[in-house]
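**Q** Coordinates for the following, if possible.
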Amino acid sequence: MLKIILLFSCYTVSSVVGLYLVKSSFQGLEAIELRNNLHYLFNVKLISGSALYILSFALWLTILSIMPLSIAYPLAVSLTILGSIAVAFFVLHENINSLAMLGVFLVLIGVFILGKSYYA
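**A** The predicted structure is shown next:
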């Protein structure tokens, strides 16, 4: 059980941080600017974020090798959604309204139920 918790934790962190770095590497740019300035593709945030996202995929393959897809996929998606919302709120200072918070709470309940069902 500890191995699965560690794998999901590493997967979620690498995926969410990777996505954040990729997003932040393009902040303030428009699509037209990007086409004309390919040097933006070689910045540290984009390369680091891409590497973390690739690492998350490798961890995902490991998770799939030891868990059924019907449990692993909903858990992975839920944890990534929760991590993304946390980064959006605490790091990007995006507003999260009460309806979104209710959704977060329901996702947490779903993650708990799925986790329990795997060990039942």
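**Q** This protein: helices as residue ranges?
**A** 2-25, 31-36, 44-66, 69-90, 98-119 (DSSP state H).
**Q** could those go into JSON lines alongside mean neighbour count?
**A** All C-beta atoms are positioned from the backbone trio N, CA, C, and that covers glycine. Below are these laid out as JSON lines (neighbours: other Cβ atoms under 10 Å):
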{"stretch": "helix 2-25", "mean neighbour count": "17"}
{"stretch": "helix 31-36", "mean neighbour count": "10"}
{"stretch": "helix 44-66", "mean neighbour count": "15"}
{"stretch": "helix 69-90", "mean neighbour count": "16"}
{"stretch": "helix 98-119", "mean neighbour count": "12"}
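**Q** Adding mean pLDDT, write those helices out as TSV.
**A** Listed next are the helices of the chain as TSV, based on pLDDT from 0 to 100:
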stretch	mean pLDDT
helix 2-25	93
helix 31-36	59
helix 44-66	95
helix 69-90	91
helix 98-119	87
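**Q** mind checking how far residue 8 is from residue 116?
**A** Counting by Cβ to Cβ, to the nearest Å, the gap from residue 8 to residue 116 is 14 Å.
**Q** next one: residue 88
**A** Applying Cβ to Cβ, the value for residue 88 to residue 116 is 28 Å.
**Q** Tell me how far the nearest residue to residue 75 once chain neighbours are set aside lies from residue 106.
**A** Excluding its sequence neighbours, the residue lying closest to residue 75 (Cβ to Cβ, 6 or more residues apart in numbering) is residue 114, at 5.4 Å. Going from residue 114 to residue 106 by Cβ to Cβ gives 13 Å.
**Q** What does the pLDDT read for residue 94?
**A** Reading off the per-residue confidence, residue 94 sits at a pLDDT of 89.
**Q** backbone phi and psi for it, please?
**A** Phi and psi for residue 94, reported as degrees, to the nearest 10, are phi -80, psi 150.
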